[in-house]
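Asker: Sequence first, then the predicted structure, then my questions.
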Amino acid sequence: MMESNMLEISIGIYIAIGILLVSIGPVAENISKEIDRARGTPLSNAFMERDQPSERKLLLARITITIGFILLWIVFIWGILKDHWNIKVTRQRVKERSKGLWFSYMGGHGTVSCKGCDHTEDVTSFIHGTNSSSSGFQCQGCGKFASIRSGGPGKANEYEDSLVCKCGGSLERKKVLFCPQCKSEDLSYRTLYIT
Ligand SMILES: [Zn+2]
Ligand SMILES: [Zn+2]
């Protein structure tokens, strides 16, 4: 008697968690996305030469997925949470990348201006010569900008100077730029010329 009670309670709790999961957060989002995908857009439906599924069918699909999830949530939950987490991390990275200046997104030679302290400085991001090119670097220690020549075709990553600044800091090209004076990353860039 006692044991069957425990089993019923466990099943009750399990299903309650399932119902909670399908009503809120990432799982609810996921189910809605699945249904949207099944519905398709006029364009994707035209492309696949199919009619949009009827709303009745979609409702049936939603009910099936929901019940399936409530019964089997323990199987799906980790995958859904992992996807959710990955999307969050990617969004965060895109956001971080879109803030601040990066040599890889700056063309040619131009002026960097700091919005924090009004410091401005001419900086080379990347320019081509006839037999060589010059790439911009920034010392991660003192913030000094450097333009370093490298070899011609096939030798673009062979730099003529050492990538160590006079202060001992390392010269980096794949880091967000910061103001040499106040260290602010709130900078703007205006291209003067591109070669
Ligand atoms: Zn500054
Ligand atoms: Zn330095």
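Answerer: Arrived safely, thanks for sending. Ligands and ions are numbered 1, 2, ... in the order given.

Asker: mind listing what the spatially closest residue to residue 142 that is not a sequence neighbour touches?
Answerer: Among residues not flanking residue 142 along the chain, residue 167 sits closest, at 4.4 Å (CB to CB, 6 or more residues apart in numbering). All C-beta atoms are positioned from the backbone trio N, CA, C, and that covers glycine. The contact partners of residue 167, by CB atoms under 8 Å, 6 or more residues apart in numbering, come to 139, 141-142, 144.

Asker: Show me which of those are buried.
Answerer: Neighbour counting over the contacts of residue 167 (16 or more other CB atoms under 10 Å) leaves residue 139 as the buried ones.

Asker: following the top helix by length along the chain, which helix or strand comes up?
Answerer: Secondary structure assigned by DSSP state H gives helix 55-98 as the longest helix of the chain. With elements assigned by DSSP states H and E, the helix or strand that comes after helix 55-98 is strand 108-114.

Asker: That following strand: which residues count as buried?
Answerer: Quick answer for strand 108-114 (16+ other CB under 10 Å): 109-110, 112-114.

Asker: does it come close to ligand 1?
Answerer: Yes. On the criterion CB under 5 Å from the ion, strand 108-114 is in touch with ligand 1 at residue 114.

Asker: out of the contacts of residue 167, who's nearest residue 163?
Answerer: Of all these, residue 163 sits closest to residue 139, with 9.5 Å by CB to CB.

Asker: for the closest one, phi and psi?
Answerer: Backbone geometry at residue 139, expressed as degrees, to the nearest 10, gives phi -70, psi 130.

Asker: Pull up the gap between the residue nearest to it when sequence neighbours are not counted and ligand 1, please.
Answerer: The shortest distance from residue 139 to any residue other than its chain neighbours is 3.7 Å, reached at residue 165 (CB to CB, 6+ apart). Distance, residue 165 to ligand 1, by CB to the ion, to the nearest Å: 19 Å.
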